[in-house]
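Colleague: have a look at this prediction, sequence included:
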Amino acid sequence: KGPGDDRLARHPSTPQYLTLVKGDLLYVPRGMYHSAQALSGPSLHITIGIPCRTHIDFAHWMIDQLAHLPEMRKNLPRHWLESSMEYRDSDLQDHAIKILDALREMIEAGDLGSRFDKEVSARKAPVSSMRFPL
């Protein structure tokens, strides 16, 4: 599995065709592949997005909070004397446990919701206004 595999799972194996008429509204859930085409004459397509945070946004934010801990900024050990210079599973497991322990402390400290909301809200990109010619 790689990035985007979950989106591929939502892509139907056989296309589905719909014909909409004046006044119809079609809801397409986030991440669903779709294509629209006017059958005749001009058509207006309006997309309205409601900004929502995802689980992965929250996970990234939590990991970013660990940057103030000196232990989290240290290099991961490599084994230079070995020909492959690879990371060892045992070392990475130890570091994963340290990360989980730090996350657990952050969770137990409380007020995650207000901190997440405050910091994420401060990063919002300004919304541009759009005007249609009259």
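Modeller: Cool, got the structure. Note that the coordinates shown come from a computational prediction; the quantities given were computed from them, not determined experimentally.
Colleague: now residue 98, what's its secondary structure?
Modeller: helix (DSSP: H, G, I helix; E, B strand; the rest coil).
Colleague: what residue ranges in this protein score low on pLDDT?
Modeller: Low-confidence segments of the chain, defined by pLDDT under 70: 1-13, 80-84, 124-134.
Colleague: which residues of it fall in helices?
Modeller: 5-9, 55-65, 89-109, 112-122 (DSSP state H).
Colleague: I'd like these as a markdown table, with mean neighbour count and distance to residue 30 appended.
Modeller: C-beta coordinates here come from the backbone N, C-alpha and C atoms, glycine included. A markdown table is the format used below for the helices of the chain (neighbours: other Cβ atoms under 10 Å; distance: least, Cβ to Cβ, whole Å):
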| stretch | mean neighbour count | distance to residue 30 |
| --- | --- | --- |
| helix 5-9 | 10 | 10 |
| helix 55-65 | 12 | 13 |
| helix 89-109 | 12 | 27 |
| helix 112-122 | 11 | 18 |
